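Trainee: need a structure here:
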Amino acid sequence: MKYAGMPMGMWILFRRSFRNHLVSVLGFTETEAARVTTAAKPKYREIIAKLPEFEKADRFKMNIVNCAMLSAFVLSMKERPSLEKLTEYYAKAMMTGPMRFFCRVMGKKKFNKQDIQGMKATAALKAADRNPYSWNMEFLPYADGSGYEARFTRCGICTLMKELGLYDLVPAMCHLDYTMAEAGGACDFIREYTLASGGPYCDCGYRKKTKG
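Mentor: All right, here's what the predicted structure looks like:
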C-alpha cells in the first residue's frame, strides 16, 4: 500500500492525539512520548508498505490503516501497556473533535437506503477472499426491523496484529465499535462474540435507539 494518500493523511490527523494521550492515559513523560512518536512514524510506514492495495470498493481500508498506526505506536514503546489501558488509550486517541463530527454525520445516515445498500454491497464483495488484510461479512437485518447485524467471518486486524505479535491486543481495537456507535447517536451497539476472543464470528449488531 502506498503511504501517500489515506495513510499519510491519517498520520497527520491523528499523530498529535496519539502522542498527547501517551501522556494523559499511559502516564508517559513528555520526553518519552516524543521519542515513541518519532520512532512510530518509520515503523508505521514500514507496516503500510507491506500491505497490499485495497480494492476501490473495499470500505475497510481505513480500519487497517488505523490498525497499522496503533501497532506502530505499541511496537515503539519500551513496555506494552495492559489491554485495559490500551483500550482506553486507543479510544481517546481516536475520538478527536473531527472524528466525533464524522460519527454524528454517519449516525444521521444510519439505516437509510444508502447505508443498507452499502452494507449489502460490502457483504457481496467478500474482499478478504483476495486480500487477507480485509474483511468478509454477512448482512443480517433483524426480523423485527429494529436494525441489523454485520457478521464478520474474516478480520484484517486479526491477520495483521497476529503477524506483528500483537494478537492479544486486538480487543483494544474492537472496543472502538461501541465508542463510535455511541458518538453517532443513532443506535445501540450489541455484540456477543469476537473472532479475537475465540468466537465463531464477530457479531456487530446495530439496533435503532427508541425515542422517549
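Trainee: Could you use CA atoms for every contact and neighbour count after this?
Mentor: OK.
Trainee: how far out from the middle of the chain is the strand or helix carrying Gly9?
Mentor: If you go by DSSP states H and E, Gly9 is part of helix 6-24. Relative to its chain's centre, helix 6-24 lies at 14 Å (Cα atoms, centre = their mean, to the nearest Å).
Trainee: Pull the following helix or strand past that helix out as CSV, backbone CA atoms only.
Mentor: Using DSSP H and E, the helix or strand that follows helix 6-24 in sequence is helix 30-49. Extracted in CSV, the C-alpha atoms of helix 30-49 (Å, rounded to 0.1, in the frame of the first residue of the first chain):
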residue,chain,number,x,y,z
GLU,A,30,6.7,14.3,27.5
THR,A,31,10.2,13.3,26.5
GLU,A,32,9.2,9.6,26.2
ALA,A,33,6.0,10.4,24.4
ALA,A,34,8.0,12.4,21.8
ARG,A,35,10.5,9.5,21.5
VAL,A,36,7.8,7.0,20.9
THR,A,37,6.0,9.2,18.3
THR,A,38,9.3,9.7,16.5
ALA,A,39,10.0,6.0,16.4
ALA,A,40,6.5,5.1,15.5
LYS,A,41,6.5,7.0,12.2
PRO,A,42,9.0,4.9,10.3
LYS,A,43,7.5,1.8,11.8
TYR,A,44,4.1,2.9,10.6
ARG,A,45,5.4,3.4,7.1
GLU,A,46,7.1,0.0,7.2
ILE,A,47,3.9,-1.7,8.1
ILE,A,48,1.9,0.2,5.5
ALA,A,49,4.4,-0.7,2.8
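Trainee: so what's the residue most central in space within the chain up against?
Mentor: In the chain, the centroid-proximal residue (Cα atoms, centre = their mean) is Asn63; its distance is 4.4 Å. Going by Cα atoms under 8 Å, 6 or more residues apart in numbering, Asn63 touches Ile157.
Trainee: Now Cys67: closest residue in space that isn't a chain neighbour?
Mentor: If the residues on either side of it in the chain are set aside, Cys67 comes closest to Ile157, at 6.4 Å by Cα to Cα, 6 or more residues apart in numbering.
Trainee: all strands for the chain, in order.
Mentor: 136-141, 147-154, 187-190, 202-208 (DSSP state E).
Trainee: Using JSON lines, lay out these together with mean neighbour count.
Mentor: Shown next, in JSON lines, are those (neighbours: other Cα atoms under 10 Å):
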{"stretch": "strand 136-141", "mean neighbour count": "19"}
{"stretch": "strand 147-154", "mean neighbour count": "20"}
{"stretch": "strand 187-190", "mean neighbour count": "18"}
{"stretch": "strand 202-208", "mean neighbour count": "21"}
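Trainee: closest one to Cys103 among these?
Mentor: strand 187-190 (11.5 Å; Cα to Cα).
Trainee: Strand partners (parallel or antiparallel) of that closest one?
Mentor: Pairing partners of strand 187-190, with direction, according to DSSP bridges: strand 202-208 (antiparallel).
Trainee: Name the surrounding residues that touch the partner strand.
Mentor: 146-153, 186-195.
Trainee: That one vs strand 136-141, what angle?
Mentor: Here strand 202-208 runs at an angle of 30 degrees relative to strand 136-141 (axes from the mean of the first three to the mean of the last three Cα atoms, to 10 degrees).
Trainee: Thanks a lot, see you next time.
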